[in-house]
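**Q** quick one, what's the 3D model for this:
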Amino acid sequence: MFRQLLHFRSILFILLGLSSGATAQNLTKHDWSVGEVILTDGDTLKGAVSYYFQKELIQVKNANGFIQTFSPVNVTHFRVFNEQRQEFQTFRPFRYAPNPEEPTFKTPAFFEVVTEGKYTLIKRSCYVIRNLDPVPAYATHGQYYESYSVTRKKSDLNSYQLARLNAYFLYTPENKLIPLRHPKKNLEDLYQDKSVPMKAFIRQRNLSYKNPVALTRVVQYFNHL
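**A** From the prediction side, this is the model:
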């Protein structure tokens with residue numbers, strides 16, 4: 001199930017068939033009017049940035065309208081301004097195995113950096129259709145649903161929810177990428193001699209690994225110890 005949800009192509013194919021043209025366009029790429037791309041050769045490009053999920057490509061358009069396209073191997077990171085959140089987001093390329101059944105086959109892909117440190121928490125997003133009413137973000141098997149939009153079906157009175165599904169990963173000091181399919185177990189396996197203070201911190205603040213905000217706080221505190 002996890003493997004299928006991370007495969008953008010199959011998921012987006014379903015969504016494109018069910019969504020309107022405007023919505024479908026938003027599902028194949030994300031646009032930011034302000035951003036900067038730092039290349040592996042040291043150059044920095046500024047302008048509007050587009051990230052194409054399926055193709056794993058980014059484009060940057062400068063003030064003169066000139067467009068350049070880059071793959072993850074050409075980019076060290078890129079930063080964009082999220083107008084809705086009023087904050088900057090940072091994306092970096094990491095090599096990961098999209099198919100858990102073939103862990104040795106790794107490909108470079110962009111991940112959003114959630115919090116950075118000795119252990120860096122990152123995430124990738126895809127979209128799914130859920131036949132449910134809008135609900136707050138929640139997690140199952142390490143996958144965090146985030147409400148995206150709701151569309152009324154024409155055939156009946158039921159509505160379906162278009163949700164963003166965020167899958168979290170932890171990048172370790174050993175340059176390993178750990179998929180947090182079971183966040184509690186995955187992180188507790190790393191605590192070792194820090195297990196007592198970590199569990200006390202989580203218990204005293206009533207934090208849940210199922211909450212993405214709480215998960216971020218847990219990783220930040222782990223880096224602090």
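**Q** just name the shakiest helix or strand of the protein by mean pLDDT.
**A** Lowest by mean pLDDT, DSSP states H and E among the helices and strands of the chain is helix 8-18, with a mean of 42.
**Q** and the contacts of the longest helix out of those in the chain?
**A** Ranked by residue count, the top helix of the chain under DSSP state H comes out as helix 212-224. By Cβ atoms under 8 Å, 6 or more residues apart in numbering, the residues outside helix 212-224 that reach it are 114-115, 117-119, 121, 137, 139, 144, 166, 168, 170, 180, 183, 187, 190-191, 194, 198, 201-202, 205, 207-209. Every residue, glycine included, has its C-beta placed from N, CA and C.
**Q** okay, and which of those residues map to helices?
**A** Per DSSP H, helices hold the following members of the contacts of helix 212-224: 183, 187, 190-191, 198, 201-202.
**Q** can you put these in TSV and add distance to Cys126 and pLDDT?
**A** Formatted as TSV, the ones in helices among the contacts of helix 212-224 follow (distance: Cβ to Cβ, whole Å; pLDDT from 0 to 100):
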residue	distance to Cys126	pLDDT
Pro183	18	94
Leu187	23	97
Leu190	26	97
Tyr191	30	96
Met198	30	98
Phe201	31	98
Ile202	28	98
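**Q** so the residue nearest in space to the middle of the chain bridges to which residues?
**A** Centroid-nearest residue in the chain, with Cα atoms, centre = their mean: Arg124, separated by 2.5 Å. For Arg124, the beta-bridge partners under DSSP bridges are Ala167.
**Q** how about the contacts made by it?
**A** Contacts of Arg124 by Cβ under 8 Å, 6+ apart are 6, 109-112, 166-167, 169.
**Q** check Val73 too.
**A** Contact partners of Val73, counting by Cβ under 8 Å, 6+ apart, are 40, 93, 108.
**Q** buried ones among those?
**A** With neighbours counted by 16 or more other Cβ atoms under 10 Å, these contain buried members at Pro93.
**Q** identify, from the contacts of Val73, the entry nearest to Leu225.
**A** Pro93 (28.5 Å; Cβ to Cβ).
**Q** can you tell me, leaving aside adjacent residues, what's nearest to that closest one?
**A** Residue nearest to Pro93 in three dimensions, not counting chain neighbours: Pro72, with 3.5 Å by Cβ to Cβ, 6 or more residues apart in numbering.
**Q** count the neighbours of the one you found for me.
**A** 20 (other Cβ atoms under 10 Å).
**Q** that one contacts Pro108, doesn't it?
**A** Yes. Under the criterion of Cβ atoms under 8 Å, Pro72 makes contact with Pro108 at 3.9 Å.
**Q** any shared contact partners between those two?
**A** Counting by Cβ under 8 Å, 6+ apart, the residues touching both Pro72 and Pro108 are 56, 93.
**Q** got the buried residues for the strand or helix carrying Leu162?
**A** If you go by DSSP states H and E, Leu162 is part of strand 159-171. Of the residues in strand 159-171, 160-171 count as buried by neighbour count, 16+ other Cβ under 10 Å.
**Q** picking up where we left off before, among the contacts of Val73, which are located in strands?
**A** If you go by DSSP state E, the contacts of Val73 have 93, 108 in strands.
**Q** ok, the contacts of Val73 vs His30, which is closest?
**A** Nearest to His30, judged by Cβ to Cβ, of those is Pro93 at 16.0 Å.
**Q** beta partners of that closest one?
**A** Phe110.
**Q** against Thr40, how distant is it?
**A** 9 Å (Cβ to Cβ, to the nearest Å).
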